[in-house]
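Colleague: I would like the atomic coordinates for the input below:
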Amino acid sequence: MARIAVMGAAGRMGKVLIEAVTQASGLSLGAAIVSPNSSLVGADAGELAGVGKLGVFVKPSLADASDDFDVLIDFTNPKLTLINLQECVRLNKAMVIGTTGLSSTDKQALHEFAQHTPVVFSPNMSVGINLLLDILHRAASVLQDGYDVEIIETHHRHKVDAPSGTALRLGEVVADAMGRDLAKCAVYGREGITGPRSANEIGFETIRAGDVVGDHTVLFASEGERIEITHKASSRMTFAKGAVRACSWLQGQPSGLYDMQDVLALKD
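Modeller: Now for the predicted structure:
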């Protein structure tokens with residue numbers, strides 16, 4: 001049975017991840033980790049997550065939990081995630097990463113570290129959104145020229161990065177299917193007299209409000225018709241279940257960088 005460590009166990013996502021691990025077959029919670037100066041160090045991780053006592057006590061660092069886990073789940077922030085990945089390489093542990101906001105430099109470092117340990121990285125662990133990516137690539141391949149593309153995403157007021165990692169991934173899939181370079185054709189919001197829309201641009205609109213977990217829509221619009229492909233997440237548990245599924249899949253995998261398309265066997 002694989003033992004799972006949850007980084008950022010006191011956060012909204014961390015608590016849901018703990019709950020998801022306790023519900024999964026073939027996995028057990030081995031460690032829960034919070035900031036070293038947190039008052040929750042030493043607390044029972046199960047009570048922290050609202051699932052009852054588990055006998056797993058919150059620790060202040062990954063090093064303190066080095067003997068307690070096989071796979072680390074990390075949904076924290078880019079800087080901490082890369083530090084944790086380096087530690088997992090040192091400890092010969094696997095890792096599942098759902099952190100968003102990684103820069104191109106961060107992603108390159110992730111690629112390099114993953115040559116030494118198995119890693120699943122996805123900006124969105126939802127099974128539904130990853131199935132949508134597969135559908136979206138086919139749709140964009142068929143529609144091609146004559147259709148304007150806009151990506152609209154909505155998240156809760158506390159989200160710190162924009163556009164969301166999922167929105168950017170949707171844009172990457174569309175751009176790839178249409179033979180475009182997203183770095184050159186992406187337009188992030190519009191204001192003032194912008195002139196007519198260019199044919200190749202892929203627009204992004206970002207909304208931050210309330211407690212929205214995550215809504216994403218890709219709009220294809222031409223003269224006379226619109227096609228909208230939408231995914232709406234109503235609970236963080238959908239991301240947690242995907243991460244737990246990735247943990248199960250990682251067992252026995254060789255070193256390398258994988259994504260949820262690998263986990264769900266959606267790649268050709």
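
Colleague: okay, CA-based contacts and neighbour counts for the rest of this
Modeller: Will do.

Colleague: Per-residue pLDDT of Asp268, please?
Modeller: Residue-level confidence at Asp268 comes out at 67, pLDDT.

Colleague: The stretch 101-250 of the chain: strands as residue ranges?
Modeller: Per DSSP state E, counting those that start in this stretch, the stretch 101-250 of the chain carries strands over the ranges 118-121, 148-155, 186-188, 202-208, 214-222, 225-233.

Colleague: Any chance of CSV for the ones you listed, columns distance to Leu132 and mean pLDDT?
Modeller: Putting the strands of the stretch 101-250 of the chain into CSV (distance: least, Cα to Cα, whole Å; pLDDT from 0 to 100) gives the following:
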stretch, distance to Leu132, mean pLDDT
strand 118-121, 17, 98
strand 148-155, 13, 97
strand 186-188, 20, 96
strand 202-208, 18, 97
strand 214-222, 10, 96
strand 225-233, 8, 96
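
Colleague: Pick the most buried one from the ones you listed.
Modeller: With neighbours taken as mean count of other Cα atoms under 10 Å, those reach their highest mean count in strand 118-121, at a mean of 26.

Colleague: For that strand, output the C-alpha coordinates as CSV.
Modeller: Taking only C-alpha atoms (Å, rounded to 0.1, in the frame of the first residue of the first chain), the coordinates of strand 118-121 have been written out as CSV:
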residue,chain,number,x,y,z
PRO,A,118,8.6,9.8,-11.4
VAL,A,119,6.5,13.0,-11.4
VAL,A,120,2.9,13.7,-12.5
PHE,A,121,2.4,17.4,-13.2
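
Colleague: hang on, the earlier thing: mind putting the strands of the stretch 101-250 of the chain in JSON lines, distance to Gly242 included?
Modeller: Formatted as JSON lines, those follow (distance: least, Cα to Cα, whole Å):
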{"stretch": "strand 118-121", "distance to Gly242": "11"}
{"stretch": "strand 148-155", "distance to Gly242": "19"}
{"stretch": "strand 186-188", "distance to Gly242": "28"}
{"stretch": "strand 202-208", "distance to Gly242": "24"}
{"stretch": "strand 214-222", "distance to Gly242": "15"}
{"stretch": "strand 225-233", "distance to Gly242": "13"}
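
Colleague: So which of those is nearest Thr76?
Modeller: Of all those, the one in closest proximity to Thr76, counting by Cα to Cα, is strand 118-121 (12.7 Å).

Colleague: Quick check: which of the strands of the stretch 101-250 of the chain is nearest to Ala65?
Modeller: The closest of the strands of the stretch 101-250 of the chain to Ala65 is strand 118-121. By Cα to Cα, the value is 18.8 Å.

Colleague: partners of the closest one, with directions?
Modeller: strand 94-97 (parallel), strand 256-258 (parallel) (DSSP bridges).

Colleague: just to revisit the earlier point, ok, which of the strands of the stretch 101-250 of the chain comes nearest Val16?
Modeller: strand 225-233 (14.2 Å).

Colleague: okay, that closest one in CSV with CA atoms only?
Modeller: As requested, the backbone C-alpha atoms of strand 225-233 are provided in CSV (Å, rounded to 0.1, in the frame of the first residue of the first chain):
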residue,chain,number,x,y,z
GLU,A,225,-22.6,30.0,-35.3
ARG,A,226,-20.9,29.5,-31.9
ILE,A,227,-19.5,26.4,-30.3
GLU,A,228,-18.9,26.5,-26.5
ILE,A,229,-17.1,23.8,-24.7
THR,A,230,-17.4,24.3,-20.9
HIS,A,231,-16.3,22.6,-17.7
LYS,A,232,-17.5,23.7,-14.3
ALA,A,233,-16.0,22.4,-11.0
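
Colleague: Next, the angle strand 148-155 makes with that strand.
Modeller: Strand 225-233 runs at 20 degrees relative to strand 148-155, counting by axes from the mean of the first three to the mean of the last three Cα atoms, to 10 degrees.
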